[in-house]
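S.K.: mind looking at a prediction? Sequence and model below.
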Amino acid sequence: MSNNKYKLLIVEDDRSIRCFVQTILEASGYQVLTAERCQQGLLMLRSHVPDLVILDLGLPDIDGEVFIRTAREAGNAVPILVLSARLDERDKISALDLGANDYIVKPFGTGELLARVRAALRTARCKNATGNTGHIFVQGDLVIDYDRRQVRVDGVCIHTTQTEYNILALLSQHVGKVMTYSAIIQAVWGTMDDGSTKKLQVNMANIRRKLGCRPGDNRFFVNELGVGYRMLDAE
Amino acid sequence: MARKQRILDGVFTCLILLAVFCVNLLLQNLFHTQAMTPMLFVLGVFLVSWRTQGYFCGIAASLASVLAVNWAFTYPYWAFDLISPECISSAVVMLIVAIMTGILTTRLKHQEKLKAEAEKERMRGNLLRAVSHDLRTPLTSIYGSCCAMLEHFDEIPREKQHMLLEDIRSESQWLNRMVENLLSVTRVDADAVRLAKRDTVLEELIDALLVKFHKHYPAQQVLVRIPEEFVSIPMDPVLIEQVLMNLLENAVFHAKGMTHLWLDVEPANNQAVFRVSDDGCGIPPERLPHLFTGFLDSKAPADSGRSNMGIGLSVCSTIIEAHGSTIHAGNRPEGGAEFWFALEMEEACDVEQQI
């Protein structure tokens, strides 16, 4: 019966966090495996092939980043959701750049955790189904037509520059995932220099203006301060 | 830095010795006596040892003084006579003066440092005391609610259970914000060097802030007025976000009768002025002078309710000071309180053209 359930692996050394995350996820219909140590986690990753990994970075035996690197080097594309503390942005960025899909800041609520899990699973599923994302991206009132390179909000066509379109398309292809500044810059411009982040930020400001986003009422994407941008998932 | 100091010390030593030498020459020509000579040189050595770092300059000055006295002001004039007992004894006296002054000054400096450290330690102690008290209040509520739930699970009616759980949730959220404040303080405290300053887009900062604020206070509307154009300000975004969050929260908790809450950012003279204002009850004038340091010196009774706001505001002022600015508080003439601070903006450069 549990065959059609998603299998999630939690790698976390703190018993009570592990316990409540497990409770929430099981209550939401996921099958949950748990590991306390990095080594154990890697073993389970290989033997049980979970659909998603929830990973704490501060593990007692080996740093969680090693887990990400090992998994990615082995060619494992399983979505990894990192649990992180608030202040260490550098950790977040390096975890994301190593190949983690998303992070969630401790302490977190049930809703937040479940939303991230759903988003990560959906992104992975889309990729598996078509090899690429579809020809069209819809998120609420925002429509991105990849064939015509066109962006529409509330049915109205928005004029974007090449760069702005490329950024939007990139974010939408990784919907629900935080894209770090450097990842976006690499993908859009190819090279990175001192002014790149600024260039990206100016472009993002223009995109926000064109899509009619107001501070605090950003329907389409989230600013992860100092880290990058995340296209919101239509739920 | 150290090298620059050494050069300055050397220049100072030379100037003092030169001055003493000239004054001595002058006096000798005026009064035809040398009674003052050694005294003036001792004064020079004392000044040098007092104002310079370490012993080197003092000792060098004393040796130079001995030579100068020997050369110019004792018989035979304008010639050295280094083996006379007078010369050796005056040299010894000068050296002793230089070394003793050096020791005294070093000790004095050391004591000043100790005093500053003790003061810092005292502030830390006060902070810790205030914090542990503040942590205990929500913890008591969380612990109590959990115990009640666990031990009387069947007797407590469902709605009551729900209420207890809601309390646990809101109290732990409050605890978390408190801990965030503390983390910010420890990050800034260590000589303000760990500021992760980077160019931050104003619009993104305000957006992230409002999203966070609305998560905690969905009912409270914030009226935002920021410049339309692209503004980028060098700052530690996490910490400045925290400052603004504290100020907004402060208004929610303390501005009784508030109907409007404003957040404005205005560019002025290459500075961005951030202003959080409300039309609530305002701040009692007697509290204004101690608003940002209040809890540190407060002799308030140990259970005077929550003082997180006191801590929150002092966190704000610490963070803003670490950014090289000052935070201000006041009452608006129309009623209500306002808080403001200014951050340096980066040099205006036209990025748009590079794209």
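M.R.: Yep, it's here.

S.K.: just the local confidence number for whichever residue of chain A sits closest to chain B, please.
M.R.: Closest contact between chain A and chain B, by CB to the nearest CB, is at residue A:216 (2.8 Å). Backbone N, C-alpha and C define where each C-beta goes, glycine included. Note on residue A:216: pLDDT of 79.

S.K.: that one touches residue B:221, doesn't it?
M.R.: No - Residue A:216 lies out of contact with residue B:221 (CB atoms under 8 Å); the separation is 9.7 Å.

S.K.: who's more crowded, these two?
M.R.: The residue with more neighbours, out of residue A:216 and residue B:221, is residue A:216; 18 against 12, by other CB atoms under 10 Å in any protein chain shown.

S.K.: run through the residues that contact the more buried one.
M.R.: The neighbourhood of residue A:216, defined by CB atoms under 8 Å, 6 or more residues apart in numbering or on different chains, consists of B:206, B:207, B:209, B:210, B:211, B:213, B:214, B:222, B:224.

S.K.: with residue B:240 instead?
M.R.: Shown in contact with residue B:240 (CB under 8 Å, 6+ apart): B:200, B:205, B:319, B:323, B:343.

S.K.: what distance do you get for the fourth one to residue A:199?
M.R.: By that I understand residue B:323. 25 Å (CB to CB, to the nearest Å).

S.K.: what does chain A put close to chain B?
M.R.: Taking CB under 8 Å from any CB of the partner chain as the criterion, the neighbours of chain B within chain A are A:86-87, A:89, A:107, A:163, A:195, A:197-199, A:201-205, A:208, A:213-218, A:222-226.

S.K.: now, of these, which are buried?
M.R.: Buried by 16 or more other CB atoms under 10 Å in any protein chain shown: A:86-87, A:89, A:163, A:197-199, A:201-205, A:208, A:213, A:215-216, A:218, A:222-226, out of those.

S.K.: the residues you listed in strands, which ones?
M.R.: Cross-referencing those against strands under DSSP state E gives A:222, A:223, A:224.

S.K.: buried set for the worst-scoring helix or strand of chain A on mean pLDDT?
M.R.: The helix or strand of chain A with the poorest confidence is helix A:110-130; it has a mean of 77 (mean pLDDT, DSSP states H and E). Using 16+ other CB under 10 Å as the test for burial, helix A:110-130 gives A:113, A:115, A:116, A:117, A:118, A:119, A:120, A:121, A:122, A:123, A:124.

S.K.: kindly report the same for stretch A:36-49.
M.R.: Going by neighbour count (16+ other CB under 10 Å), the buried part of stretch A:36-49 is A:36, A:38, A:39, A:41, A:42, A:44, A:45.

S.K.: OK, contacts around the residue lying closest to residue A:146 once chain neighbours are set aside?
M.R.: Excluding its sequence neighbours, the residue lying closest to residue A:146 (CB to CB, 6 or more residues apart in numbering or on different chains) is residue A:135, at 5.3 Å. When contacts are counted by CB under 8 Å, 6+ apart, residue A:135 touches A:145, A:146, A:147.

S.K.: please apply the same query to residue B:95.
M.R.: Residues in contact with residue B:95 (CB under 8 Å, 6+ apart) are B:59, B:62, B:63.

S.K.: so it is in which element?
M.R.: Secondary structure from DSSP states H and E places residue B:95 in helix B:85-151.

S.K.: any idea how far that helix is from the middle of the chain?
M.R.: 15 Å (CA atoms, centre = their mean, to the nearest Å).

S.K.: buried sites along the next helix or strand along the chain from that helix?
M.R.: As assigned by DSSP H and E, the chain's next helix or strand after helix B:85-151 is helix B:158-189. Buried residues in helix B:158-189, counted by 16+ other CB under 10 Å: B:164, B:168, B:171, B:174-175, B:177-178, B:180-185, B:187-188.

S.K.: repeat for stretch A:13-27
M.R.: By neighbour count on 16+ other CB under 10 Å, the buried set for stretch A:13-27 is A:13, A:17, A:18, A:21, A:22, A:24, A:25.

S.K.: and stretch A:56-63, by the same measure?
M.R.: Buried, per 16+ other CB under 10 Å, within stretch A:56-63: A:56, A:57, A:59.

S.K.: enumerate every residue touching the closest residue in space to the last one that isn't next to it in sequence.
M.R.: Computed as CB to CB, 6+ apart, the closest residue to residue A:59 that is not its neighbour in sequence is residue A:38, at 4.7 Å. With contacts taken as CB under 8 Å, 6+ apart, residue A:38 has the following neighbours: A:11, A:59, A:61, A:62, A:63, A:64, A:66, A:67.

S.K.: can you check residue B:53 too?
M.R.: Per CB under 8 Å, 6+ apart, neighbours of residue B:53: B:5, B:6, B:9.

S.K.: give me the angle between the helix or strand hosting residue B:42 and helix B:85-151.
M.R.: Here residue B:42, judged by DSSP H and E, is contained in helix B:37-51. If you take axes from the mean of the first three to the mean of the last three CA atoms, to 10 degrees, helix B:37-51 sits at 20 degrees to helix B:85-151.

S.K.: please parse the chain into its domains.
M.R.: You didn't pick a chain, so chain A it is. Domain ranges of chain A: A:7-130, A:136-231, per automatic domain parsing.

S.K.: think we crossed wires, I meant chain B
M.R.: Domain ranges of chain B: B:2-114, B:122-189, B:195-354, per automatic domain parsing.
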